[in-house]
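Peer 1: Sequence first, then the predicted structure:
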Amino acid sequence: MTTRIIHTMIRVLDEDRSVDFYKRAFGFEVATRLPFDGFTLTYLVNAETGQEVELTVNHGRTEPYTHGDGYGHIGITVTDLDSEHIRFQSESLEPTPIKEFVVDGEMLARFFFVQDPDGYKIEVLQRLGRYM
């Protein structure tokens, strides 16, 4: 069996605001937009990997979605974490400070977090080790 993750779906209140965030933060572009009665699906694609984020907008929804205690985060890798952190700050995207995980003297991960307009956490990781 050959499998491949193709997208992650999140529910958002404001489609334009979310599209703008994912474009500015990660360079995602709208691949497909499918309006239906009662909801719209907007697929944002990462040109490098083909991975997509599916934004689901339920028409008429006015209250923010709750994430409960089950949602964790989406992970995205970048080639230059320090430059991206500076760029996120200049875009007023409010990244958390860069953190490092070192295990047995070896760098496991360098990362920061950012939240999208609906409060979904996104971990931005330096491409290294298992996060290539």
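Peer 2: Arrived safely, thanks for sending.
Peer 1: any chance you could map the strands in the protein?
Peer 2: Using DSSP state E, the strands of the chain run over 7-11, 29-36, 39-45, 52-58, 74-78, 99-103, 106-115, 121-126.
Peer 1: what's in contact with the second one?
Peer 2: For strand 29-36, the external contacting residues (Cβ atoms under 8 Å, 6 or more residues apart in numbering) are 19, 23, 40-45, 47, 52. Any C-beta I mention is one placed from the backbone N, CA and C, and that applies to glycine too.
Peer 1: which two from these end up farthest apart in space?
Peer 2: Of all pairs drawn from the contacts of strand 29-36, the one with the longest distance (Cβ to Cβ) is T40 and A47, at 22.2 Å.
Peer 1: quick one, which of the two is more surrounded?
Peer 2: T40 (15 against 10; other Cβ atoms under 10 Å).
Peer 1: For S92, find the nearest of the strands of the chain.
Peer 2: strand 106-115 (11.0 Å).
Peer 1: quick one, phi/psi of D104?
Peer 2: Main-chain dihedrals, D104, degrees, to the nearest 10: phi 50, psi 40.
Peer 1: And the pLDDT at it?
Peer 2: Here the pLDDT value assigned to D104 is 90.
Peer 1: neighbours around it, how many?
Peer 2: Using other Cβ under 10 Å, D104 has 5 neighbouring residues.
Peer 1: which residues does it contact?
Peer 2: No contacts exist for D104 under Cβ under 8 Å, 6+ apart.
Peer 1: mind listing what's buried in the longest helix seen in the chain?
Peer 2: In the chain, taking DSSP state H as the definition, the longest helix is helix 15-26. Of all the residues in helix 15-26, those buried under the rule 16 or more other Cβ atoms under 10 Å are 18-19, 21-22, 25-26.
Peer 1: wait, which of the residues you listed is closest to T2?
Peer 2: Nearest member of those to T2, counting by Cβ to Cβ, is F26, at 26.4 Å.
Peer 1: my guess is the closest one contacts E48, does it?
Peer 2: No: with contacts counted by Cβ atoms under 8 Å, F26 stays clear of E48, the gap being 10.2 Å.
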